[in-house]
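*Asks:* Predicted model, plus sequence, below.
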Amino acid sequence: MDSGVLPRVDRQILLYQRWLTERLAAIEDPEHHRLLRHFATWHQMRRLRATAAKRPLGRAKQETTQAGAFLTWLADRGRTIEHCRQADLDAWHTEKPATRRPAQTFLRWCMRTGRMPRLTLPPQVITQDQAPLPQHRRLAMLRRVLNELGGGPVLPGGAAAGVGSG
């Protein structure tokens, strides 16, 4: 097997292909089946082959599963991917943000390949570049903003002048 005559086959890719075949067989809607098969073939498999030697292939199943879930969810709303609106994407992502995020790979692919309108997706990863701001820095920033907006002076305790506490 290691003689070099045949190309090396990654076990994870083989497992993904087997899983994908079973997953696609369970999809009843022919258009959903076709779209997910294209996504898996032309995006996921190409990416998996390129990264197989470098790192684990963990996200592909979750991305494909969430892509199918999005298509079903959209169909339940009476829409196809071609007629997806910004309000649909916003609603999808607000329901279960962490669960919905893996569908973004599929959605970006659909937009890039002209299968759906170009819409705005929420940020994929929210990172915090630095440590949280200490209280004195937050208050200084608040003072500056309120002064620039003409909101009146900010008192030393952090409250804006003329604004009651309750």
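*Replies:* Cool, the structure landed.

*Asks:* what helices or strands is the longest helix seen in the chain leaning on?
*Replies:* Assignment by DSSP state H gives helix 59-76 as the longest helix of the chain. Here helix 59-76 touches helix 11-25, helix 30-39, helix 86-95, helix 97-100, helix 103-112, going by 3 or more C-beta pairs under 8 Å, 6 or more residues apart in numbering; DSSP states H and E. C-beta: built from backbone N, CA, C; applies to glycine.

*Asks:* please redo it, this time with the cut-off set to 10 Å
*Replies:* Identification of packing neighbours for helix 59-76 by 3 or more C-beta pairs under 10 Å, 6 or more residues apart in numbering; DSSP states H and E yields helix 11-25, helix 30-39, helix 45-51, helix 86-95, helix 97-100, helix 103-112.

*Asks:* Same list (those) but as CSV, adding mean pLDDT and mean neighbour count.
*Replies:* As requested, those are arranged in CSV below (pLDDT from 0 to 100; neighbours: other C-beta atoms under 10 Å):
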stretch, mean pLDDT, mean neighbour count
helix 11-25, 87, 13
helix 30-39, 92, 16
helix 45-51, 80, 13
helix 86-95, 90, 14
helix 97-100, 77, 12
helix 103-112, 92, 20
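
*Asks:* To L71, which of the ones you listed lies closest?
*Replies:* Closest of the helices and strands packed on helix 59-76 to L71 is helix 30-39, at 4.6 Å (criterion: C-beta to C-beta).

*Asks:* Send me that closest one as PDB with only the CA atoms.
*Replies:* Extracted in PDB, the C-alpha atoms of helix 30-39 (Å, rounded to 0.1, in the frame of the first residue of the first chain):
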ATOM      1  CA  PRO A  30     -34.200  17.100  -5.800                       C
ATOM      2  CA  GLU A  31     -33.100  20.800  -6.000                       C
ATOM      3  CA  HIS A  32     -31.700  20.700  -2.500                       C
ATOM      4  CA  HIS A  33     -29.900  17.400  -3.300                       C
ATOM      5  CA  ARG A  34     -28.400  18.900  -6.500                       C
ATOM      6  CA  LEU A  35     -27.300  22.100  -4.800                       C
ATOM      7  CA  LEU A  36     -25.700  20.300  -1.800                       C
ATOM      8  CA  ARG A  37     -24.000  17.700  -4.100                       C
ATOM      9  CA  HIS A  38     -22.500  20.600  -6.100                       C
ATOM     10  CA  PHE A  39     -21.400  22.400  -2.900                       C
END
